[in-house]
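Q: requesting a structural model of the entry that follows:
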Amino acid sequence: MTATPVPSQGPQLWHLPAMRAVPALLVGLPIPFIQLHSPFVGLVALAVLTGLGAVALWIGRGVVPAEAGRWPARAAGWSALAALVAVLLVLLSPTETAFGLLVAAWGIGAGALELSGWWRMRGATEPRTLRTAQDWRAVGVLTIVLGVVFAVVRDAVTLTGLLGAYAVIVGIYLALAALSARPARTTERSDA
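A: Residues are numbered from 1 along each chain as shown. Below you'll find the predicted structure:
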């Protein structure tokens, strides 16, 4: 008797937080080891975080239930716009004020879009879907808090460190959310 894994049924809801965790951890983990926390470094980190995050949201938008609305596509567009502006600011004028205001605008907007997805799904009856929607709420609130902090603080060292800390927290949170939403692995037994 051998155990053979049952084939996957295509993309599933847990893939979205898994894909979103990757860019967050990719940005957040190296920041503590970068000695110069300047607006340039912060804007580059933001461009990578929002750009790759937009790609993950765009790819994963199809696994989100229709009841949640189109928030992943809208959030992908918003994040892609923030990435583009960050790249332009890196090239033209990497200042603390520009960095702070861009993260504030992105954070408040992206967090609101994430909360809209949770709001529409808060009455879901399937437990995994409800847990995933609650994860959207947590990430949305954290992202809005990041945006509010960046709206008032203007120290590049603090801002870059906070962006890295946010990315690590959200990355780990999303990775754990993906693992908890992943269905149990089933196998079929066959006689060999």
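Q: dihedrals phi and psi, Asp155?
A: Main-chain torsions, Asp155, degrees, to the nearest 10: phi -100, psi 120.
Q: who's the closest spatial neighbour of it, skipping the chain neighbours?
A: Among residues not flanking Asp155 along the chain, Glu96 sits closest, at 7.0 Å (C-beta to C-beta, 6 or more residues apart in numbering). C-betas here are computed from N, CA, C, even on glycine.
Q: looks like that neighbour contacts Ala156 (just checking).
A: Yes: the pair Glu96 / Ala156 is scored as a contact, 4.7 Å apart, by C-beta atoms under 8 Å.
Q: counting neighbours, what do you get for the residue nearest to Asp155?
A: 18 (other C-beta atoms under 10 Å).
Q: so what's it up against?
A: When contacts are counted by C-beta atoms under 8 Å, 6 or more residues apart in numbering, Glu96 touches 39, 154-156, 159.
Q: circling back to that earlier point, quick check: neighbours shared by Glu96 and Ala156?
A: Joint contacts of Glu96 and Ala156 (C-beta under 8 Å, 6+ apart) are Pro39.
Q: coming back round to it: buried ones among the contacts of Glu96?
A: 39, 156, 159 (16 or more other C-beta atoms under 10 Å).
Q: for Val139, state which of the residues you listed is nearest.
A: Leu159 (19.7 Å; C-beta to C-beta).
Q: can you give me the buried ones in the helix or strand encompassing that closest one?
A: Using DSSP states H and E, Leu159 sits in helix 156-181. Neighbour counts over helix 156-181 (16+ other C-beta under 10 Å) mark 156, 158-164, 166-171, 173-175, 177-178, 181 as buried.
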